[in-house]
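J.: model this:
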Amino acid sequence: MATDKKPAQTVSCPTCNSPVKWTIEQRWRPFCSERCKLIDLGTWFDESNRIPGESEAHLTSEPDN
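T.: Down below sits the predicted model:
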């Protein structure tokens with residue numbers, strides 16, 4: 001019985017836009033390298049990337065009564 005292997009999907013690295021094959025062997029996917037993964041992590045740590053929402057000050061303030 002022959003197994004049909006589909007060609008690996010290629011995505012763009014979110015950091016540098018290099019092509020990345022989406023396979024088990026590509027350990028940093030969706031990034032092309034550990035370097036690009038760490039650059040992305042750094043942007044979350046310094047809050048260059050963030051998920052939109054209400055400010056923390058608004059969430060922790062007392063309700064107006």
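
J.: Mind listing residues that contact the lengthiest helix in the chain?
T.: Looking across the chain with DSSP state H, the single longest helix is helix 34-45. With CB atoms under 8 Å, 6 or more residues apart in numbering as the contact definition, helix 34-45 has outside contacts at 13, 14, 15, 16, 18, 28, 31, 49, 50. Every C-beta, even on glycine, is put in place using the N, C-alpha and C of the backbone.

J.: Which residue ranges of the chain form helices?
T.: Secondary structure of the chain by DSSP H: the helices cover 34-45, 56-60.

J.: To residue 7, which of those lies closest?
T.: Closest to residue 7 of these, according to CB to CB: helix 34-45, at 23.0 Å.

J.: quick revisit: which PyMOL command selects the buried ones in the contacts of helix 34-45?
T.: Only the buried entries of the contacts of helix 34-45 go into this PyMOL selection, using 16 or more other CB atoms under 10 Å:
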select buried, resi 13+15+31
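
J.: Turn the contacts of helix 34-45 into a markdown table, columns for distance to residue 38 and pLDDT.
T.: Formatted as a markdown table, the contacts of helix 34-45 follow (distance: CB to CB, whole Å; pLDDT from 0 to 100):
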| residue | distance to residue 38 | pLDDT |
| --- | --- | --- |
| 13 | 13 | 97 |
| 14 | 12 | 95 |
| 15 | 9 | 96 |
| 16 | 12 | 97 |
| 18 | 15 | 97 |
| 28 | 10 | 94 |
| 31 | 9 | 97 |
| 49 | 14 | 83 |
| 50 | 18 | 83 |
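
J.: Widest-spaced pair of the contacts of helix 34-45?
T.: Longest distance between any two of those is 24.8 Å, between 18 and 50; criterion CB to CB.

J.: related to what we said a few turns ago, point out the most buried one among the helices of the chain.
T.: The highest average neighbour count among those, using mean count of other CB atoms under 10 Å, belongs to helix 34-45 at a mean of 13.

J.: what mean pLDDT does that helix have?
T.: The average pLDDT for helix 34-45 rounds to 95.

J.: Give me the subset of the contacts of helix 34-45 lying in strands.
T.: Taking DSSP state E, every one of the contacts of helix 34-45 sits outside strands.
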